[in-house]
Structure formats: structure tokens, C-alpha cells
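# curious how this folds, go ahead:
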Amino acid sequence: IIKLKEGNYCATFGERCCEDGEKLCLMEANDNHEEEHTVAEFIEFCVNGRNDKSGEWTSKGVGKYLEGGKEAGGQLVDQRFCPRIVEGELRYNCVGDALVGIIHKKPKEGGISAVGGTGSIYTYYGPDEAKFKNLTDGFLTKDLPLVMPALGLPDEPIPLWWTTDFILSSPEGTPAEEEKWIVGEFNCSCVGISRCLAAYCKD
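Sure, this is the predicted structure:
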């Protein structure tokens, strides 16, 4: 999560560009730690990784996010921040086009990451949970048929086992039937069984 330390945002998007020396407050989404860097240091870290120009980083990451280009998976995603992530996100566990379970993942107090091992609280629901009916119905009946075509894979089947993480983006007080949820990520490469994490081998 990237914020300007001075908070001097422009009234209209694109009115100005940040200067290299402006300070950024950064929060790592995978462990909730925070650090500060200049715009120039942040860009250098993203492009070339740890060096004298990027400064000293406490992040577990090594930067160099564009290394190897598109062919090697190099990319940066500028994703809208949804402040209601502090209330938690919903992970929909799916097998093919069938929803098999819902997990509400709430970050620990003061954090924004609900990754396992960060103090987040997990609550488990069945696929027919009434409180999420509007989201579930909309996702399974309206949105799901559009997912693979939107990814440029119209002739490919839905993955066998995959998850979707939803973050509520509507203002507080919005009626449930009018709520808007944003997909934070799709995952079909390293899907975990949250209930079994306590038993996995860490060595």
C-alpha cells in the first residue's frame, strides 16, 4: 500500500506528477510491515532491486519486478486500494464452476493483510451462506461465464480448483443488494486448504 507521506494529493487525478525526492509510506501486504522511501528509491527497487540507489529495505522482497519482461512474468499491477479491507475479505473456494466454501479473512487490528501467519482471523462458511447470497448469486450466474473470455482464454475451461478473493468497495451503509465487491485476486497456482495449515510441515 503506497501513500504520500505529506498527503498532498491533487484534487483531480493527473494534475501533477510526484518528484523523485517526495517521501512514500509503504505497507507490505504480505506481513503488514511499514517503511519509508523516496519515489526515486521505490522506482529503483521495483526496476533494479536492492542497490545503493534504492536505499536500505526491510522488505522480504528483492524487487526487480520487471526482470525478464513479460515472457518471464515480469509485471507491476497498479490496483485500487479498498479501505474496507480492514473489515476483511471473502475467499471463495471453487472446484470448477461449483462454490464449495467461503472464508472470511479479517486482518489483525491495524493491518491490511489477511495472509495466514499475520494474526488474521479466519471464519468459515458453507457455500450457501445467506449473508453473502447477493455476491454469490451474482458471481456464479452473471460473472463466472465472463471470467475466462476476459482473460483472453475463451476456449479454456475454468480451473479445476481455484479461489477468488473479494473486497467490499461500497461505502458503509450501502444496502446489501447494492453492494459492490472488487476482486483482489484469482488464484489457481498455489491454493491452500486453510483448515489444514496447522498440520503442514515447515521444515
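# so where's this protein shaky on pLDDT?
Residues of the chain meeting the criterion pLDDT under 70: 30, 116-118, 193-203.
# show me where this protein has its helices.
For the chain, applying DSSP state H gives helices covering 39-48, 133-137, 144-150.
# relative to residue 115, which of these is closest?
Smallest distance to residue 115 across the helices of the chain (C-beta to C-beta): 20.7 Å, for helix 39-48. No exception for glycine: its C-beta is placed from N, CA and C like everyone else's.
# just checking, what packs against the closest one?
Applying 3 or more C-beta pairs under 8 Å, 6 or more residues apart in numbering; DSSP states H and E, one finds that helix 39-48 contacts strand 23-27.
# strand partners (parallel or antiparallel) of the strand it packs on?
Strand 23-27 sits in its sheet next to strand 2-4 (antiparallel), strand 34-38 (antiparallel), going by DSSP bridges.
# tell me which of these sits most buried.
Of the strands paired with strand 23-27, the one with the most neighbours on average (mean count of other C-beta atoms under 10 Å) is strand 34-38, at a mean of 15.
# how far off helix 39-48 does that one point, in degrees?
Counting by axes from the mean of the first three to the mean of the last three C-alpha atoms, to 10 degrees, strand 34-38 lies at 100 degrees to helix 39-48.
# about what we covered before: in CSV: the helices of the chain, plus mean neighbour count and distance to residue 13.
Below are the helices of the chain laid out as CSV (neighbours: other C-beta atoms under 10 Å; distance: least, C-beta to C-beta, whole Å):
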stretch, mean neighbour count, distance to residue 13
helix 39-48, 18, 17
helix 133-137, 15, 28
helix 144-150, 13, 24
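# how about those helices in JSON lines, adding distance to residue 62?
As requested, these are exported to JSON lines (distance: least, C-beta to C-beta, whole Å):
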{"stretch": "helix 39-48", "distance to residue 62": "9"}
{"stretch": "helix 133-137", "distance to residue 62": "36"}
{"stretch": "helix 144-150", "distance to residue 62": "31"}
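# what's the closest of these to residue 93?
helix 133-137 (12.1 Å).
# packing partners for the closest one?
Against helix 133-137 (3+ C-beta pairs under 8 Å, 6+ apart) you get no helix or strand.
# mind listing residues that contact it?
Helix 133-137 has contacts (C-beta atoms under 8 Å, 6 or more residues apart in numbering) with 90, 92, 99, 102, 127, 128, 129, 166, 176, 177, 179, 181.
# and the residue located most distally from the centre of the chain, how far is that from residue 18?
Largest separation from the mean C-alpha position in the chain: residue 52, at 29.5 Å (C-alpha atoms, centre = their mean). Going from residue 52 to residue 18 by C-beta to C-beta, to the nearest Å gives 21 Å.
# how distant is stretch 135-143 from the center of its chain?
20 Å (C-alpha atoms, centre = their mean, to the nearest Å).
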